[in-house]
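> Return atomic coordinates for the entry below.
(2 chains)
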There are 2 protein chains.
Amino acid sequence: MGSAIVESWDERAREKRARILACIPQDFITPSLSFSDTEALNVLDLPTFSESNPASVIDIPSKVLNQEELAITALKAEEIPQAIAARKYTAVQVINAFTHRAVIAHQLLHCCLTFMYPTALEQAEVLDRVFAESGKLVGPLHGVPFSVKDQCRVKGTETTCGFVANLGTFDDEDCLLVKILKDAGAIPFCKTTLSVGCMWGESINNIVGRASNPFNRTFTCGGSSGGEGALIGFKGSPLGVGSDLGGSIRTPSSYNGLHGLRPSSSRIPYHQILNSMEGQEIIPSVVGPMAQSTESLRLFTKAVIDSKPWLIDPKSPPIPWREEMASEVIGRPLRIAIMHWDGYILPQPPIRRALRNVEETLRRAGHDVVPMFEMDQPLADELGTKVCVSDADLDVQRSRDRSGEPKLILVPPPLEKPKPMSLLENWALAMERTKYQAQILQKWAQTAGTTQSGKPIDAYLTAVNPSVAHVHGEFGAVRYKGYCATVNVLDFTACTLPVSFVRDSDLKDQSETMDGFGTKIPSPVCDKDRLIRQNYSKNFEILQGQPVVLQLVGKRFEEEKVLAISQILEELLKSTSI
Amino acid sequence: MGSAIVESWDERAREKRARILACIPQDFITPSLSFSDTEALNVLDLPTFSESNPASVIDIPSKVLNQEELAITALKAEEIPQAIAARKYTAVQVINAFTHRAVIAHQLLHCCLTFMYPTALEQAEVLDRVFAESGKLVGPLHGVPFSVKDQCRVKGTETTCGFVANLGTFDDEDCLLVKILKDAGAIPFCKTTLSVGCMWGESINNIVGRASNPFNRTFTCGGSSGGEGALIGFKGSPLGVGSDLGGSIRTPSSYNGLHGLRPSSSRIPYHQILNSMEGQEIIPSVVGPMAQSTESLRLFTKAVIDSKPWLIDPKSPPIPWREEMASEVIGRPLRIAIMHWDGYILPQPPIRRALRNVEETLRRAGHDVVPMFEMDQPLADELGTKVCVSDADLDVQRSRDRSGEPKLILVPPPLEKPKPMSLLENWALAMERTKYQAQILQKWAQTAGTTQSGKPIDAYLTAVNPSVAHVHGEFGAVRYKGYCATVNVLDFTACTLPVSFVRDSDLKDQSETMDGFGTKIPSPVCDKDRLIRQNYSKNFEILQGQPVVLQLVGKRFEEEKVLAISQILEELLKSTSI
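Numbering: from 1, shown residues only, chains lettered A, B, ... in the order given. Have a look, this model is predicted:
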């Protein structure tokens, strides 16, 4: 009698790591790219800020990639179909360039879990053939390579969701979103790493370890869609798919200087995408795009909605792309509320500076900027947390147990073993959420009394998190989900907007009541507020050069409007130093 | 030391019953309307079927109401604003006539819990004044009295949801739906009875006991929105609001010969409406209209959606009324599938006859009738039941305990005390529901292969329940929620369509394999199927004259389309004897 050989979890993880780059042409792999964790901090080709940067910029892409590859990977998603249509590049050239750069990204940042080079190349060849024969692009995303967080099922690949147990099982078919994107001409070429079960703000798992930030490799790229953040931040992918239950698209978009859209639930179809805590619907996880421009997000979102996903995904609302909602905001004063802080956790100095300067820019351009109403973000944060711990980790534990992988200890364990909620407690939580949503809708409607036109605000602008990116392992120290979770609890639409970088002049706070410019700031209202301020003061020297990204928030299912406003702001800020 | 006097539940219920008619002009109350339960069986003014009717028709309305009241209460909802605009009647005349008739209905059928005569009269006077001064109607429902199931909060009234404990507490404000309807000119005048916590197919509670069917008072009016069914069936209200978690709008619409719409979730706002099992969202309860015509349903639904309820109700999808979706089906062959039975429970002979005849009528009119795909209704039925028992009655028990009222024993209690589901079990149930929804969407799309135009079906037509109305207390004997619950699990849109009445020629089945016409029928596939057939055979003599109502089902959020098709069918069937 023999017994089955069961590999240990760490053998399975090691075996996986060894084959991540196995399908890649070997000349895409640069053996010399092995630095210690304290070398090659900023690995981007361009220092994207003007003042002194303590992180060593060693401009790796320009050392490894040729001119054509550098030019191609500098393209934004929307520029790729244009370049192919203009016969400047072929889809094959594009997929090769981005794959090469993504391999470098992975070598430096550990951001990928799967490369799909053979199938991606094949799809690119087909696209080139079709274009050569017909002279027409197959769709609005013709030839655009895209990466997906490793929750999205893609035929022939493993979909881990960060769990070792899911290694070795290969998907039979693409999830609906990948199908739609492929039909629009886009090419899935890479799957990116994430936090275990999508449940943490840094991307760490037992398969590839932790992923790093291209602006400074001693920093986290955020999470849970951190692999996307790092890869797209490094320009190793022009377009990616992340997911967001409490900021998991927006936090990595913020930490890596990206545009990311958290749409309202199922506006972008979640159908056949894996997640932990599946069946939890009080605050639904959503999927959305991450990229280098608002236009990339818009192109993605419109293409997906135009495919009528509600014919297949039962959760998808049958709301077509409403161009009239986008065009309505053009050429008139926007009605924008600015939330400089939520009365609970003060955003760090560079974020406050960015909000002040954007506000000033908006006013100067003739827009109607009004004060933000009281959101009670700590309540939203609490509701979000209650949902995330409602099963007392049972579902994630179940997935860990299937392989025997250990639990990553990211925060001190609670003194008492948590218990899963009862069904009645869970229903009470759903009602609390609805009550909160209704209160905010009422307040939103009442902003009509504060604007010049007597109409409610279009959107509000605020921080993504109180903190910019932080060093590895410090997520617990700066963690406050209020700014993000509010949007999830309300199921509103939010997109991130990179506006600046941390710079010398963002002097660390001098005291608890005065900022670096001698302006009065609110005293800390709680320990967490104090700790997050202290974390900034402690790390200020190494924070310089990190992206400063804001968040624009509109109401439920107002993706068209939010993206249109984001585009106006992006344009406006191009000519302004924030 | 004194102790508070706590009334017993039955004293509270008795006190409530005594004051239901207290606010009504005493000449609206007819003291002679006291019959034993076996007298005055059919209390409608018109025998609405052509053949012999064993239920004694004693034409009570024409004995009690004057000619004007009879004429007014014969109006459908949509005819009321027209009649007022034409200065044929005032809103005051209308509210008086319907209140008078509703009082008779209540005396005969025990269908009401609250009359709002003083406030209704006042609102009617205001409407008449505004119209006299401006010459304009205030909205599309100007002067239309409407009744609401006693879940809908109306300022100054008790909202019991069938529980004694809720007596004595008076609402501070109207629920959103009532506000919207009032803004459109409609007048809430009456609140109707329901099953305890909306959880049973007959309308029985410890406050007013059981409500009866106007076609035969020894029959149930159905549930849980049975008070609405009985009242509107008796023409004591031209328009009502019911709710539906597993057929609670459609069953009473069917048993009382009405048009009822079960919209997709929150298309009609549920905001501030009370329910049991609040927070349960796997299969959401929905609210919708019940009336005497499809046009009444359409008028109601359009008025509500045009008010943009999503600005206030966070669950309301921002989908405007899409007239183009309605007009698209006009003047072309409809693509309709007919489900004669679901392969599990055979509908009773009059329902099968109705389906056959409607199919024939559709074909003759040039419509494209195709076979129905396999729905697996037993699975939907099971999922619906699992949701309804998921908390093992804990929430309803909690509401009973607040007054000490006893549990009504409607079915034999289970041998083992049920346990509430765990959260993980509940999440698994949510996933099962989604899986079922996705399978049906796929099959629906595949119907494109069966139609002449190569496009998927517009809707399907089937039974509401396998049984027409039944005698009091027999719900358990004919209960099979498959035909209704499928729509709830899928969150599809369904409306009921009265098409015929049980008549002599609906001979009882001669055997288990042959119908009354000697045509082969499927053998019973389960005990329940056999029992429901036997119930028909046993009761056939007294079933005659009961309404035969079908159900038209469209996809999620396709209210405009379903109502437009229902209107076409209603028109078509007017000139046809089904």
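> Could you find the closest non-adjacent residue to A:Val389?
Excluding the flanking residues, the one nearest A:Val389 by CB to CB, 6 or more residues apart in numbering or on different chains is A:Pro418, at 6.2 Å. The way it works is simple: take the backbone N, C-alpha and C, and place the C-beta from them, glycine included.
> What of A:Thr157?
Sequence neighbours aside, A:Thr114 is the residue nearest to A:Thr157 in space, at 5.0 Å (criterion: CB to CB, 6+ apart).
> just to revisit the earlier point, give me the neighbour count for the residue nearest to A:Val389.
Burial of A:Pro418 is recorded as 13 neighbouring residues (other CB atoms under 10 Å in any protein chain shown).
> which residues does it contact?
For A:Pro418, the contacting residues are A:Val389, A:Ala392, A:Asp393, by CB atoms under 8 Å, 6 or more residues apart in numbering or on different chains.
> With A:Arg400 instead?
Contacts of A:Arg400 (CB under 8 Å, 6+ apart): A:Phe163, A:Ala165, A:Val196, A:Pro406, A:Lys407.
> Taking those, please make a PyMOL selection of just the buried ones.
In PyMOL, selecting the buried portion of those, with burial taken from 16 or more other CB atoms under 10 Å in any protein chain shown, looks like this:
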select buried, chain A and resi 163+165+196
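> would you list every one of the helices in the stretch 351-500 of chain A?
A:377-388, A:394-401, A:423-446, A:475-478, A:482-490 (DSSP state H, counting those that start in this stretch).
> what's the least confident stretch among those?
Lowest mean pLDDT of these: helix A:475-478, a mean of 86.
> Angles on the backbone of the spatially most central residue of chain A, please.
Most central in chain A under CA atoms, centre = their mean is A:Ile249, positioned 2.7 Å from the mean C-alpha point. Dihedral angles phi and psi of A:Ile249 (degrees, to the nearest 10) take the values phi -90, psi -40.
> Closest residue of the stretch 101-250 of chain A to chain B?
Going by CB to the nearest CB, chain B is nearest to A:Leu176 of the stretch 101-250 of chain A, at 9.4 Å.
> Near chain B, which residues of the stretch 401-550 of chain A are found?
Proximity of the stretch 401-550 of chain A to chain B is confined to A:420-424, A:426-431, A:434, A:437-438, A:441-442, A:445, A:490-491 under the rule CB under 8 Å from any CB of the partner chain.
> I'd like the mean pLDDT over stretch A:351-361, please.
Mean pLDDT, stretch A:351-361: 96.
> for the residue nearest to A:Thr157, phi and psi?
The phi/psi pair for A:Thr114 (degrees, to the nearest 10) is phi -150, psi 140.
> and the gap between it and A:Gly156?
For A:Thr114, the distance to A:Gly156 (CB to CB, to the nearest Å) stands at 10 Å.
> out of the two, which sits in the busier spot?
Taking other CB under 10 Å, A:Thr114 and A:Gly156 do not tie; A:Thr114 has more neighbours (23 against 13).
> Contacts only, for the more buried one.
Taking CB under 8 Å, 6+ apart as the contact definition, A:Thr114 lies against A:Ile20, A:Asp150, A:Val154, A:Thr157, A:Glu158, A:Cys190, A:Lys191.
> at 10 Å instead, please
By CB atoms under 10 Å, 6 or more residues apart in numbering or on different chains, A:Thr114 lies in contact with A:16, A:19-20, A:23, A:147-148, A:150, A:154, A:156-160, A:188-193.
> Chain neighbours aside, what residue packs nearest to the residue of the stretch 201-350 of chain A at minimum distance from chain B?
Residue nearest to chain B within the stretch 201-350 of chain A: A:Gly279 (2.7 Å; CB to the nearest CB). Nearest residue to A:Gly279 in three dimensions, chain neighbours excluded: B:Trp427, at 2.7 Å (CB to CB, 6+ apart).
> give me the number of residues near that neighbour?
Other residues near B:Trp427 come to 22 when the count uses other CB under 10 Å.
> same question, the one 3 residues further on
Around B:Ala430 there are 18 other residues, counting by other CB under 10 Å.
> now the one 4 residues further on
The burial count assigned to B:Thr434 is 20, neighbours taken as other CB under 10 Å.
> Repeat that for A:Pro498.
Other residues near A:Pro498 come to 24 when the count uses other CB under 10 Å.
> Please name the residues that touch it.
A:Pro498 is in contact with A:48, A:233, A:253-254, A:256-260, A:292-293, A:354, A:547-550, A:570, A:573, A:578, counting by CB under 10 Å, 6+ apart.
> Let me know the helix or strand that A:Gln107 is in.
Assigned by DSSP states H and E, A:Gln107 belongs to helix A:91-109.
> Show me how far that helix is from its chain's centre.
In terms of CA atoms, centre = their mean, to the nearest Å, the centre of helix A:91-109 is found 20 Å from the chain centre.
> repeat for stretch A:285-302
That offset, for stretch A:285-302, works out to 10 Å (CA atoms, centre = their mean).
> returning to that earlier point: which of the helices of the stretch 351-500 of chain A sits most buried?
Mean neighbour count (mean count of other CB atoms under 10 Å in any protein chain shown) peaks for helix A:482-490 among these, with a mean of 27.
> The residue nearest to A:Gly279 contacts B:Ile282, doesn't it?
Yes. Between B:Trp427 and B:Ile282 there is a contact at 9.3 Å, judged by CB atoms under 10 Å.
> overlap in contacts of these two?
Counting by CB under 10 Å, 6+ apart, the contacts common to B:Trp427 and B:Ile282 are A:Gly279, A:Glu281.
> ranges for the strands of the stretch 251-400 of chain A?
For the stretch 251-400 of chain A, the strands defined by DSSP state E, counting those that start in this stretch occupy A:259-262, A:286-291, A:335-339, A:368-371.
> Need those strands in TSV (columns: distance to B:Pro412 and mean neighbour count).
Formatted as TSV, these follow (distance: least, CB to CB, whole Å; neighbours: other CB atoms under 10 Å in any protein chain shown):
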stretch	distance to B:Pro412	mean neighbour count
strand A:259-262	50	31
strand A:286-291	45	29
strand A:335-339	58	22
strand A:368-371	62	17
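> Same list (those strands) but as a markdown table, adding mean pLDDT and distance to A:Glu474.
Shown next, in a markdown table, are the strands of the stretch 251-400 of chain A (pLDDT from 0 to 100; distance: least, CB to CB, whole Å):
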| stretch | mean pLDDT | distance to A:Glu474 |
| --- | --- | --- |
| strand A:259-262 | 98 | 21 |
| strand A:286-291 | 98 | 23 |
| strand A:335-339 | 98 | 24 |
| strand A:368-371 | 97 | 32 |
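> Take these and write them to TSV, including distance to chain B.
Below are those laid out as TSV (distance: least, CB to the nearest CB, whole Å):
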stretch	distance to chain B
strand A:259-262	17
strand A:286-291	15
strand A:335-339	15
strand A:368-371	18
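> May I see those strands organised as a markdown table, with distance to B:Thr301 added?
Below are the strands of the stretch 251-400 of chain A laid out as a markdown table (distance: least, CB to CB, whole Å):
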| stretch | distance to B:Thr301 |
| --- | --- |
| strand A:259-262 | 32 |
| strand A:286-291 | 29 |
| strand A:335-339 | 31 |
| strand A:368-371 | 36 |
